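# Have a look at this fold, sequence not included:
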């Protein structure tokens, strides 16, 4: 399957909310995602990318002319069909003066898992990290996500530490 990765747009908010719900079972509101996209747009280090099917030139032509019955493109009222999305940020390490690329979120649409979407997004993140002078790429994954852990190991990632969290009172 041919795929395209691009920066997330406000028009992607509903599809991104659905993907996040698939990731953790708690789907944010579309408005919450729109606000997060506003924040990302203002941030010098935060980015959000989406992966979608590459459209055939004749499909784009039919869309722009308003002709043709195209069942391969999403309904504009629902927004685009996203295959996956990935958050990326730069992480500066003060203690050893290095920089890493961090994959802050990775989710593949459940209907497209095991079709290369996650791999394509991870390879994209790794290229971005390299282009920006990072010494590597890292991510955090929930302890119960064993299938994801296998995927990351297959991608060449290794477990190097623990994350400790103390929950605060803010909601």
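Received, thanks. Owing to the predicted nature of the structure, the values given are computational and were not obtained by experimental measurement.
# show me the contacts for residue 34.
Neighbour list for residue 34: 10, 13 [criterion: CB atoms under 8 Å, 6 or more residues apart in numbering]. Heads up, the C-betas are built off the backbone N, CA and C, glycines and all.
# State the three-state secondary structure for it.
What DSSP: H, G, I helix; E, B strand; the rest coil gives for residue 34 is helix.
# what about the helices in this protein?
Using DSSP state H, the helices of the chain run over 13-24, 30-42, 57-65, 117-131, 146-154.
# weakest of the ones you listed in terms of mean pLDDT?
Across those, helix 57-65 has the smallest mean pLDDT, namely a mean of 51.
# Take the helices of the chain and lay them out in JSON lines including distance to residue 48.
Putting those into JSON lines (distance: least, CB to CB, whole Å) gives the following:
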{"stretch": "helix 13-24", "distance to residue 48": "8"}
{"stretch": "helix 30-42", "distance to residue 48": "5"}
{"stretch": "helix 57-65", "distance to residue 48": "24"}
{"stretch": "helix 117-131", "distance to residue 48": "11"}
{"stretch": "helix 146-154", "distance to residue 48": "19"}
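# Of these, which is nearest residue 160?
helix 146-154 (11.7 Å; CB to CB).
# Please spell out which residues along the closest one are buried.
The neighbour-count check on helix 146-154 (16 or more other CB atoms under 10 Å) flags 148, 151-152 as buried.
# right, and out of those, which lies closest to residue 169?
Set against residue 169, the nearest of those by CB to CB is residue 148 (29.6 Å).
# For residue 135, see how far away residue 96 is.
Per CB to CB, to the nearest Å, residue 96 is found 9 Å from residue 135.
# quick one: terminal-to-terminal distance for stretch 91-104?
End-to-end distance for stretch 91-104: 10 Å, by CA to CA, to the nearest Å.
# avg pLDDT for it?
93.
# Buried residues, it. List them.
In stretch 91-104, counting by 16+ other CB under 10 Å, buried: 100-104.
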